[in-house]
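> My questions concern the predicted model and sequence given below.
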Amino acid sequence: MLVKIVDSTQKSILYYVAVILCSVVFLIIFSLVPAVSAQTPGDLFPGDVNEDFKVNLTDLSILLANFGKSPATRQEGNVSPNDTIVNLTDLSLVLSNFGKSFSPTATPTPTRTPTPTSTSGRTRVIYTPSTEEIANPERGFMKQSNIFLDQAYSSKLGKQNPNDTVVWIYFHMEKYRDPRDGKGVTVSNYQFVPLEPVGSGKGLDVVKKTFDDARTKGLKLVIRFLYVGYSGIGSTQDFANAEPDAPLDVTLKHIDQLAPLIQQNKDVILAVQAGFVGYWGEWHSSKYLSPVANRKAIVDKLLAVVPQDRMLQVRYPKYVQNLYGGPISAIEAFNQSNVSRVGIHDDAFLKDDTDDGTFTSNAMGQKISTYCDGSSNTTQCWRDYYAKTSQYTPAGGEAGTHSNPPSPLANCPNALTQLNNLHFSFLHNGYAKVVLDTWVNQGCMPEIRRRLGYRLVLKEALIPQSVRVGGTLNLDVTLSNEGFASMFNPRPVFIVLQNASNRYEIPVVSVDPRRWEAGREHTVIAAVTIPSNVSPGTYTLGLWLPDQATSLRGRPAYSVRFANTNVWEPATGINRLTNNFQVTN
């Protein structure tokens, strides 16, 4: 027993002699190592055991006294960030910096960030805006196509520019008037000429094929039916001698015939213009439909047959106000009441101060509305009415002028102001060319092309790094609408989880993108449950705004693309928020 004790003591003495000899060797070797002046705040200084900003015999003695001890027994001496035991690594750090001193770096004062307190556990992602023109659905310049219902369908639907997504259709019904009628002619027993049925090659069949063609080509249509086109150019208050449209009862019967096709094809209908009345369906120079009561009957009928989630456009604000009141309030917007579903189209945009009578109270020699009678500026009063209504309804038309050069009002500064104030979503890209050329020559056409309708730009998002299956995904997304207008047709919003194996679409039912008004920032706050069938893994997390119609939902051409770089997935139609979202068990 005594022998064992002596042996143990000898081993201990030999151990410390070895440590001291090693220390001397390390001291000689590491004396050649360059000094370290400072470290990142929050890290231990190399070899500074007692943290007095210098490495000396005190540090060495503390280290040696604790050499080989475990975390449960040692007091101090561990200066290595990579382990929890005092060993040769710690000794090397002390010896390599022996005799050195350090200048402590002041801890910086934290800078306040705009991160809300709710960002705990979430990552802020900042997105880069794009200056690119975006080919988004239900907005932009539109090609006008004249389609005659008495002729076999020949496709006239197409794009003048690759980014165009809207076509303006004039459905001509001149051949569906009583053939005995004419200027100054009185027909005592007016003959109703019905539209031919689907499958006949004419009439309703042409309307159906137009809708089918639009769907095939990924387009949306602004549609107008009219009785007087190329044969009735001009404007007159001599209604009896105007090129005839059709009596009210005939018009209503034709609308009844059209109703099923309009209802069955609402997926490709952007808006329905009241049409029917007068030259080009522009509500002037009408032989039969001049009385306000007749016009109201037509609009009432259209409101009844057009699906409630689609809107109408009437040519003049004075008629909209006379028939249904307004302007539309934020509370009334999108509630499917009559006033909430009737917008305005301006087919003489910037022709003159009143846009060729658009912003007046009278029409064809009669007072239509007294709404602006008390105003000191009637024109501005009607512009304000239009602006308030067009916040929540479709607005658009065509630039109007018969002069060259056009009115100075068509110059870029005023054009941009009026397009913004009146919330234009779409414009004819063929008329008046002299106005369109002015915008090109003065340099504002690229901005107009970008901003017609909505233009949604992602700013930032607060995204959790992971969520458990069955847990709640709390997501805040800030975006701005830099377009002239907001959306007016309903559109769902989905959060999408997608990877090489799976795709999950989670609806965000509390969000209505029609409320993302132009010229403002909006924060989308979503709290959705990760479904129990989601497989754990890494996903791309995206926002998806597809078409409301299930017939178009799977087609990216009908999905909304944000105006940002490296966000859009053209193959899937989603806007990527992050590529590294984790779903865990």
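That came through fine.
> Give me the helix or strand of this protein that scores worst on average pLDDT.
Between all helices and strands in the chain, the lowest mean by mean pLDDT, DSSP states H and E belongs to helix 2-30, at a mean of 43.
> moving C-terminal of that helix, what's the next helix or strand?
Counting by DSSP states H and E, the element after helix 2-30 in chain order, helix or strand, is helix 57-65.
> can you map out the helices along this protein?
Along the chain, the segments classed as helices by DSSP state H run 2-30, 57-65, 88-96, 204-217, 248-264, 292-305, 317-324, 378-389, 412-421, 433-442, 445-451.
> most packed of those helices?
Per residue and on average, the most neighbours among these fall to helix 317-324, with a mean of 24 (mean count of other Cβ atoms under 10 Å). All C-beta atoms are positioned from the backbone trio N, CA, C, and that covers glycine.
> so who does the closest residue to residue 428 other than its chain neighbours touch?
Leaving aside its chain neighbours, residue 428 sits nearest to residue 398 (3.6 Å; criterion: Cβ to Cβ, 6 or more residues apart in numbering). Applying Cβ atoms under 8 Å, 6 or more residues apart in numbering, we find residue 398 in contact with 144, 347-349, 427-428, 431-432.
> In the stretch 251-400 of the chain, where is pLDDT below threshold?
Applying pLDDT under 70 to the stretch 251-400 of the chain picks out no residues at all.
> Distance to residue 371 added to the helices of the chain, as CSV?
Output for those, formatted as CSV (distance: least, Cβ to Cβ, whole Å):
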stretch, distance to residue 371
helix 2-30, 91
helix 57-65, 88
helix 88-96, 85
helix 204-217, 36
helix 248-264, 25
helix 292-305, 14
helix 317-324, 5
helix 378-389, 7
helix 412-421, 18
helix 433-442, 29
helix 445-451, 29
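> Relative to residue 367, which of those is closest?
Checking the helices of the chain against residue 367 by Cβ to Cβ gives helix 317-324 as the closest, at 8.8 Å.
> Which strands or helices does the closest one pack on?
For helix 317-324, the packing partners by 3 or more Cβ pairs under 8 Å, 6 or more residues apart in numbering; DSSP states H and E come out as helix 292-305, strand 342-349, strand 362-363, helix 378-389.
> Tell me which of the helices of the chain sits nearest to residue 531.
helix 204-217 (31.1 Å).
> and the closest one, what does it pack onto?
strand 140-148, strand 166-172, strand 220-226, helix 248-264.
> want to throw those into TSV with distance to residue 378?
Listed next are the helices and strands packed on helix 204-217 as TSV, based on distance: least, Cβ to Cβ, whole Å:
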stretch	distance to residue 378
strand 140-148	30
strand 166-172	29
strand 220-226	28
helix 248-264	30
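> between these, which gets nearest to residue 441?
Once the helices and strands packed on helix 204-217 are compared by Cβ to Cβ, strand 140-148 is nearest, at 17.0 Å.
> Sheet-wise, list the partners of that closest one with their directions.
strand 166-172 (parallel), strand 426-428 (parallel) (DSSP bridges).
> Next, format those as a markdown table and append mean neighbour count.
Formatted as a markdown table, those follow (neighbours: other Cβ atoms under 10 Å):
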| stretch | mean neighbour count |
| --- | --- |
| strand 166-172 | 24 |
| strand 426-428 | 25 |
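> Dump those into JSON lines; add distance to residue 253 and mean pLDDT as well.
Output for those, formatted as JSON lines (distance: least, Cβ to Cβ, whole Å; pLDDT from 0 to 100):
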{"stretch": "strand 166-172", "distance to residue 253": "16", "mean pLDDT": "98"}
{"stretch": "strand 426-428", "distance to residue 253": "30", "mean pLDDT": "98"}
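> Ok, which of those strands comes nearest residue 282?
strand 166-172 (10.7 Å).
> could you check the angle strand 342-349 makes with the closest one?
90 degrees (axes from the mean of the first three to the mean of the last three Cα atoms, to 10 degrees).
> okay, the angle between strand 166-172 and helix 204-217?
Going by the same axes, to 10 degrees, strand 166-172 makes 170 degrees with helix 204-217.
> Take strand 166-172, keep the C-alpha atoms, and write them as CSV.
Presented in CSV, the C-alpha positions along strand 166-172 are these (Å, rounded to 0.1, in the frame of the first residue of the first chain):
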residue,chain,number,x,y,z
VAL,A,166,-56.9,42.9,-72.5
VAL,A,167,-59.0,43.1,-75.8
TRP,A,168,-61.8,45.5,-76.3
ILE,A,169,-64.6,43.9,-78.2
TYR,A,170,-67.3,45.7,-80.2
PHE,A,171,-70.0,43.1,-81.0
HIS,A,172,-71.8,44.6,-84.0
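> Show me what residue 507 bridges to in the sheet.
residue 494.
> Next, count neighbours for it.
13 (other Cβ atoms under 10 Å).
> hang on, it packs against residue 526?
No. Contact criterion Cβ atoms under 8 Å: residue 507 and residue 526 do not qualify, at 10.0 Å.
> State the distance from the closest residue to residue 436 other than its chain neighbours to residue 359.
Excluding the flanking residues, the one nearest residue 436 by Cβ to Cβ, 6+ apart is residue 399, at 6.6 Å. Per Cβ to Cβ, to the nearest Å, residue 399 is found 15 Å from residue 359.
> Same check on residue 232?
Taking Cβ to Cβ, one finds residue 232 at 25 Å from residue 359.
> do the same with residue 538
56 Å.
> re the thing from before, just put the strands paired with strand 140-148 in a markdown table and tack on distance to residue 332.
Listed next are these as a markdown table, based on distance: least, Cβ to Cβ, whole Å:
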| stretch | distance to residue 332 |
| --- | --- |
| strand 166-172 | 26 |
| strand 426-428 | 23 |
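> quick one: which of those strands is nearest residue 68?
Here strand 166-172 is closest among the strands paired with strand 140-148 (Cβ to Cβ), at 80.1 Å.
> ok, residues contacting the closest one?
138-150, 157-158, 206-207, 210, 214, 219-226, 229, 270, 280-281, 426, 428.
> which among these end up buried?
Those of these that meet the buried threshold are 138-145, 147-149, 157, 206-207, 210, 214, 219-226, 229, 270, 280-281, 426, 428, by 16 or more other Cβ atoms under 10 Å.
> what sits against the residue nearest to the spatial centre of the chain?
Most central in the chain under Cα atoms, centre = their mean is residue 456, positioned 3.7 Å from the mean C-alpha point. Residue 456 makes contact with 479-483, 516, 560, 562-563 under the criterion Cβ under 8 Å, 6+ apart.
> Looking at those residues, which is nearest residue 251?
Nearest to residue 251 among the contacts of residue 456, with distances taken as Cβ to Cβ, is residue 483, at 35.2 Å.
> how many neighbours does the closest one have?
29.
> and residue 548, what pLDDT?
Looking at residue 548, its pLDDT reads 98.
> for residue 238, same thing?
pLDDT at residue 238 comes out at 84.
> burial count for it?
10.
> Distance of it relative to residue 285?
On the measure of Cβ to Cβ, residue 238 and residue 285 end up 9 Å apart.
> Same check on residue 518?
34 Å.
> who has more neighbours, those two?
residue 285 (24 against 20).
> In contact with that one: list those residues for me.
Contacts of residue 285 by Cβ under 8 Å, 6+ apart are 228, 232, 234-237, 239, 242-243, 278-279, 364.
> Of these, which is the most crowded?
residue 278 (29 neighbours).
> which residues does the residue nearest to residue 436 bridge with?
The partner residues for residue 399, given DSSP bridges, come to residue 349.
> and what of residue 467?
Here residue 467, judged by DSSP bridges, has bridge partners residue 583.
> Now do it against residue 215, distance only.
From residue 467 to residue 215 the distance is 37 Å (Cβ to Cβ).
> Residue 300 too?
29 Å.
> do residue 524 as well
In terms of Cβ to Cβ, residue 524 sits 30 Å off from residue 215.
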